[in-house]
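[1] Quick check, what structure comes out for this input:
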Amino acid sequence: MPALIDGTFNSREVAGLPLASGGVVAGGVLYRSDALAAVTDAGAATIAHSLIGTVVDFRADAEREQAPDRLPEHVDVVRFPMLDGAVRDSGRAERAVPSLAAVYAHLLDTHGADFAAVGRLVARPADPARPAVLVHCTAGKDRTGVAVALVLDAVGTARDAIVTDYLATAANLAGAWADGMRRRIEAAGMPLTPELDELLAGTTRPAIESVFAHVDAGGGAAEYLLRHGLSAPDLDALRSRLTSPGR
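    Numbering: from 1, shown residues only. From the prediction side, this is the model:
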């Protein structure tokens, strides 16, 4: 599927996914993407004419400085820095490359308040005229993938549908995006092992299912977000905004 925003590889609306109890995820509420640094004029126009009023950037400071987003002036940017890229320190010979599941467990253990804040931003948009939220990191895969999975699971999206949305990222990144990242890794003198390649651009069912297992141990995604600062009224508002009876 072509990217929604020209100049990106992995941008799309998160909508139409089936809910476990019937209905679908509502449109015009939640979007996800890789970095927005190379957005073209056409891509910027897409954002400008959309309902997107808030962009959540999960990238660390160094990532943002190297590739600042290109956005219309009216868009409000909220930053929740997580990790220094998915391959932080992984090229050092003395360090083992972490699995995707290990990266996701780290995110869940250390950024619960940030994920809850994302849920609140989606639930209570600052600009009623542009109420949609776009979340992104560098690839739109790991930090973004965990955030989207938590929000979708909290409102009752069918888990197979969440998995399918997550897995779509690998296909979107395959080719030019992934090849460019591989060249950067090799230029830095890192051995491009299969484990590192998966960390760069891969998505696997066990990885995203490890997120479900992690939050299920504490009562589920909704309870995880509530425990980390989302209020019960926020959760109700999130469910109201993100769910639709469908056809």
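[2] helices and strands around the helix or strand hosting Pro233, which ones?
    Under the criterion of DSSP states H and E, Pro233 resides in helix 232-242. Applying 3 or more CB pairs under 8 Å, 6 or more residues apart in numbering; DSSP states H and E, one finds that helix 232-242 contacts helix 112-123, helix 143-154, helix 221-227. C-beta: built from backbone N, CA, C; applies to glycine.
[3] quick one, it and helix 112-123 angle?
    With axes from the mean of the first three to the mean of the last three CA atoms, to 10 degrees applied, the angle from helix 232-242 to helix 112-123 works out at 50 degrees.
[4] Please state the offset of helix 232-242 from the chain centre?
    With CA atoms, centre = their mean, to the nearest Å as the basis, helix 232-242 stands 19 Å off its chain's centre.
[5] Tabulate the helices and strands packed on helix 232-242 (JSON lines), appending mean pLDDT and mean neighbour count.
    Conversion of those to JSON lines gives the following (pLDDT from 0 to 100; neighbours: other CB atoms under 10 Å):
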{"stretch": "helix 112-123", "mean pLDDT": "98", "mean neighbour count": "22"}
{"stretch": "helix 143-154", "mean pLDDT": "98", "mean neighbour count": "26"}
{"stretch": "helix 221-227", "mean pLDDT": "98", "mean neighbour count": "21"}
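[6] Just the C-alpha atoms of the helix holding Pro233, please, in PDB.
    Extracted in PDB, the C-alpha atoms of helix 232-242 (Å, rounded to 0.1, in the frame of the first residue of the first chain):
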ATOM      1  CA  ALA A 232     -11.200   6.600  33.700                       C
ATOM      2  CA  PRO A 233     -13.000   9.600  31.900                       C
ATOM      3  CA  ASP A 234     -10.000   9.800  29.500                       C
ATOM      4  CA  LEU A 235     -10.400   6.100  28.700                       C
ATOM      5  CA  ASP A 236     -14.200   6.500  28.100                       C
ATOM      6  CA  ALA A 237     -13.400   9.400  25.800                       C
ATOM      7  CA  LEU A 238     -10.700   7.400  24.000                       C
ATOM      8  CA  ARG A 239     -13.200   4.600  23.400                       C
ATOM      9  CA  SER A 240     -15.800   7.000  22.200                       C
ATOM     10  CA  ARG A 241     -13.500   8.700  19.700                       C
ATOM     11  CA  LEU A 242     -11.900   5.600  18.400                       C
END
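[7] Could you tell me the angle between that helix and helix 143-154?
    Going by the same axes, to 10 degrees, helix 232-242 makes 100 degrees with helix 143-154.
[8] list the buried ones in helix 232-242?
    Across helix 232-242, burial judged by 16 or more other CB atoms under 10 Å covers 234-235, 237-238, 241-242.
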